[in-house]
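S.K.: With the input below, show me the fold.
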Amino acid sequence: MSDQRIKEQTMKNYLSKATANIMLSAAQVLAKLTEVLGAANIQADPAKNEHYRMGWRSGGGSALAVLFPQTLLDMWRSLEVCVEGNCIIIMQAAKTGLTEGSTPSGDDYDRPVVVINTLAINKLYLINDNEQIISLPGTNLHQLQYELKAVNRAPHSVIGSSTLGASIVGGVSNNSGGALVKRGPAYTELSLFAQINEHDQLVLVNHLEVDLGDTPEAILTNLQNGDFDKLQLPQSNKLASDKEYIARVQDVDANTPSRFNADKRRLYEASGCAGKLAVFAVRLDTYPTATKEQTFYVGSNSVHELAQLRRQILSSFKNVPEVGEYMHRDIFDVSAKYGKDTFLSIKHLGTNALPRLFSIKGSIDAKLSKWSWLPKHLTDKVMQMIAQVLPQHLPKRMLDYRSQYEHHLIIKMSDEGIHEAQAFLKSFFADSEIGSYFTCTQAESESAFLHRFAAAGAALRYEVMHEEDVGEILALDIAIPRNELAWLENLPDSISQHLEKKLYYGHFFCYVFHQDYILKKGSDAKQVKKMMLELLNKRGAKYPAEHNVGHLYDAEPDLQHFYERLDPTNTFNPGIGHLPKTKRNCSCCL
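M.R.: Residues are numbered from 1 along each chain as shown. Reported below is the predicted structural model:
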């Protein structure tokens, strides 16, 4: 089916409604949405939908309702009602973002806000001999990893430190980067989405390059039911992953970062849309699984030594690492103490159980917050107390390296790259007095990555447990130029005087770092952030690198223009990137 036919049908529907001059009140919008979804799948009670209106770390606002469509067609019909009712639409999946981009932000919108949570629409299709997948909007990375493992394939991304239950579509929409050195940010040019054009018309665009029918109803029903050829779909000339990323990372002399959210090279329809479209499906590449993997644990007391290690590995290896994760000693300690319950939960229950557990925790927190006489963050404090009485969970060699070295690097190699890394590391550290490495056992490898995984949540837990003594947490994710040697920042006293703790960790070979700052009590977080960003600008850094602008960062000009093209009336997720929240009437200019 052609896009033109869809647009013609949509225009016909739109003109029919326009001539009827329908103006819906909030009550009428709710009534129509209830008719479309059923009462069980719409929640308008603020006390009961609070979890879906609040950000993972910060942010939140009011909403007319939170919707839980059960099918793609339900989602489309919900969008039709929202457009008819002149509502703001905020698309939401797992709500794991750190920059407030998947929830309302405050109460200063000029139209009613409706949140559409897509987690119930979680089908996944393996296509073309498992070399690609088509994901519906609620499918998460856990499900993707599980289904691909059964057919000896690997996903475009793996679970990161803050993405328990993160959705595939959410990752694509935010150019999420993750830990995989070879695969880069989540990216595709093949997607199915709805957008509102400059005439205020809701339009369905099928760029999956899959024949699904001629009307929105047919397209969405056939995709929902899997009624299409999954074995021999035509090969597309469009990208379903960032195939240039390895070469980009290996260019260690470039004076620009390897990846960041505002990179216009990787802004394309659903990719990087940040909720400015309603994405129904994305098509992505999968990868062969490694035959063998080996993890190496590196410790060093020199920023320069690790910079040279990175440059030599990326510029001389035939096989770049699968993963290269960095932790500073300070975040090592915080993660060991305040991420222990996360570490143990994953180790003993597995990652598949955690999204449900975190959802339960969120619901409990929302209920307990209504009782003012209870301590704040009670569930976190109880979990922390339990974790502290349990035995030491980290391997001895990791703890020994913690005592000896300030900087820690976890490198995972695969297949032919294993021997390449063994020979290199032995030679590189042969005469070093400031660094060393060891080859991990399987148990040590699992512990090292679980420890790194728990870091982001541990920083937040630290703030919670010390809330009486410390200020806010300022979390930045940054990308620095690939040719930088002094990769660890040196903060001036004007900033350092405001900091209780500096916590550094990240994706070392990509030069993407997470920098969490626990501020001192009474310090002005906005002023400190302003000084931080000015310093990053001088370093040639880009931010955010992989969590997107949300409501915490200014959108760069390229990103602003991209958002405006996707959403000319400013109906989807208005206000992100510190852009206006008010509606734009673009048809008046045509």
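S.K.: what's the span of stretch 207-224 from first residue to last?
M.R.: This stretch, stretch 207-224, spans 16 Å end to end (CA to CA, to the nearest Å).
S.K.: Run the chain-centre distance for it.
M.R.: Here stretch 207-224 shows a centroid-to-chain-centroid distance of 27 Å under the convention CA atoms, centre = their mean, to the nearest Å.
S.K.: With stretch 241-255 instead?
M.R.: 21 Å.
S.K.: Just the buried residues of it, please?
M.R.: Of all the residues in stretch 241-255, those buried under the rule 16 or more other CB atoms under 10 Å are 241-242, 245, 248-250, 252. Any C-beta I mention is one placed from the backbone N, CA and C, and that applies to glycine too.
S.K.: Could you point out which of those is nearest to Leu208?
M.R.: Proximity of these to Leu208 (CB to CB) peaks at Ser241, which lies at 15.0 Å.
S.K.: any idea of the pLDDT on the residue nearest to Ser102 when sequence neighbours are not counted?
M.R.: Ranked by CB to CB, 6 or more residues apart in numbering and with sequence neighbours excluded, the top spatial neighbour of Ser102 is Gln92, at 4.7 Å. Predicted confidence (pLDDT) at Gln92: the value is 96.
S.K.: can I assume Gln92 is in contact with Ala120?
M.R.: No. At 11.9 Å, Gln92 does not count as touching Ala120 under the criterion of CB atoms under 8 Å.
S.K.: Now do the same for Arg283: helix, strand or coil?
M.R.: Following DSSP: H, G, I helix; E, B strand; the rest coil, the label given to Arg283 is strand.
S.K.: ugh, wrong one, I meant Arg310
M.R.: Counting by three-state DSSP, the backbone at Arg310 sits in helix.
S.K.: How about the one 10 residues further on?
M.R.: Local secondary structure at Val320 is given as coil here, using three-state DSSP.
S.K.: Could you find the closest non-adjacent residue to it?
M.R.: Residue nearest to Val320 in three dimensions, not counting chain neighbours: Val181, with 5.6 Å by CB to CB, 6+ apart.
S.K.: What count of nearby residues applies to that neighbour?
M.R.: Close neighbours of Val181, defined as other CB atoms under 10 Å, add up to 25.
S.K.: Could you check how far it is from Thr289?
M.R.: Distance of Val181 to Thr289, given as CB to CB, to the nearest Å: 16 Å.
S.K.: returning to what we had before: out of the buried residues of stretch 241-255, the closest to Asp107 would be?
M.R.: Of all those, Asp107 sits closest to Asp242, with 38.2 Å by CB to CB.
S.K.: can you give me phi and psi for Tyr287?
M.R.: The phi/psi pair for Tyr287 (degrees, to the nearest 10) reads phi -140, psi 150.
S.K.: Arg397 now?
M.R.: The phi/psi pair for Arg397 (degrees, to the nearest 10) reads phi -70, psi -30.
S.K.: and the residue lying closest to it once chain neighbours are set aside, how many neighbours?
M.R.: In this structure, Arg397 finds its nearest non-sequential neighbour in Phe438, 5.8 Å apart by CB to CB, 6+ apart. By the criterion of other CB under 10 Å, Phe438 has 16 neighbours.
S.K.: do the same with Glu534
M.R.: 10.
S.K.: how near is it to Gly324?
M.R.: In this view, Glu534 and Gly324 are 29 Å apart by CB to CB.
S.K.: wait, what's in contact with the residue nearest to Tyr187 when sequence neighbours are not counted?
M.R.: Closest residue to Tyr187 apart from its sequence neighbours, by CB to CB, 6+ apart: Asp242 at 4.5 Å. Asp242 makes contact with 183-185, 187, 266 under the criterion CB atoms under 8 Å, 6 or more residues apart in numbering.
S.K.: Okay, helices next: where are they in the stretch 351-500 of the chain?
M.R.: Applying DSSP state H, counting those that start in this stretch to the stretch 351-500 of the chain gives helices spanning 354-368, 378-388, 396-404, 416-428, 442-453, 455-465, 493-496.
S.K.: residues in contact with the nearest residue to Gln497 once chain neighbours are set aside?
M.R.: Excluding its sequence neighbours, the residue lying closest to Gln497 (CB to CB, 6+ apart) is Lys520, at 7.9 Å. Residues near Lys520 by CB under 8 Å, 6+ apart: 470-471, 497-500.
S.K.: Quick check: the farthest pair among these?
M.R.: Between any two of the contacts of Lys520, the greatest separation by CB to CB is 14.2 Å, found for Val470 and Gln497.
S.K.: Would you map the helices across the stretch 201-350 of the chain?
M.R.: 216-225, 245-250, 303-316, 329-338, 340-349.
S.K.: Dump those helices into TSV; add mean pLDDT and distance to His547 as well.
M.R.: Shown next, in TSV, are the helices of the stretch 201-350 of the chain (pLDDT from 0 to 100; distance: least, CB to CB, whole Å):
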stretch	mean pLDDT	distance to His547
helix 216-225	98	29
helix 245-250	96	18
helix 303-316	98	23
helix 329-338	98	17
helix 340-349	90	19
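S.K.: That'll do, ta.
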